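**Student:** I would like the atomic coordinates for the input below:
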Amino acid sequence: MLVQNQVDQARELANQFKKQGHFDKLKSEILSRESNIKTKENVTVPGSLETVLKNVTTSIVKDMVSKDEDLIFKNRGSTSALLEAQLLKDDYKKFGEGKNGIELNRYLQSCINDPDLYETIYKELAQLVSKENIIVTNTPNNSQ
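**Tutor:** Residues are numbered from 1 along each chain as shown. Model (predicted):
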């Protein structure tokens, strides 16, 4: 019963974190910061992560359409689903193809594993815990 109560509290805390816009704020910060992401040829691609993703996605979609022009004439919904599936499968492998391919999964992992991000999330959660009267048994320092 104690474990279930902790799970319920964790879910409630996560829900409050999202409802108050903290998740969206962090996502926006990651997307808008200068990416310094590199191509396979070790060339730094200028721009924010959002700009880089838009440009690479545009290039990938143009390439896919040039290989299969029937994509243009298919139902918009099914075409979108097909393109999205191709972009997201195998840990964003499609983004790494070609001479200007980027290692998106590696870059995203480095963003997610950033100690500053952990600290920001921890501080926001700690503030929510104090507001919601939720008891936290593990902290970043003693949970690992």
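**Student:** Tell me the spacing between the nearest residue to T120 once chain neighbours are set aside and F17.
**Tutor:** Leaving aside its sequence neighbours, T120 sits nearest to L26 (CB to CB, 6 or more residues apart in numbering; 7.0 Å). C-beta here means a position set from N, CA and C on the backbone, and glycine is covered the same way. Remark: distance between L26 and F17 (CB to CB, to the nearest Å) = 10 Å.
**Student:** try D70
**Tutor:** Counting by CB to CB, the gap from D70 to F17 is 44 Å.
**Student:** of those two, who's got more company?
**Tutor:** Each of D70 and F17 has its neighbours counted (other CB atoms under 10 Å); F17 has more, 16 against 8.
**Student:** Confirm the more buried one sits in a strand?
**Tutor:** No. Going by DSSP: H, G, I helix; E, B strand; the rest coil, the assignment for F17 is helix, not a strand.
**Student:** Thought L125 was touching it, still the case?
**Tutor:** Yes. With contacts counted by CB atoms under 8 Å, F17 reaches L125, the gap being 6.4 Å.
**Student:** how about the helices of the chain, start to end?
**Tutor:** Ranges of helices in the chain, per DSSP state H, are 2-19, 22-32, 49-67, 70-73, 76-92, 104-112, 115-132.
**Student:** Quick one: closest of those to K40.
**Tutor:** helix 104-112 (11.3 Å; CB to CB).
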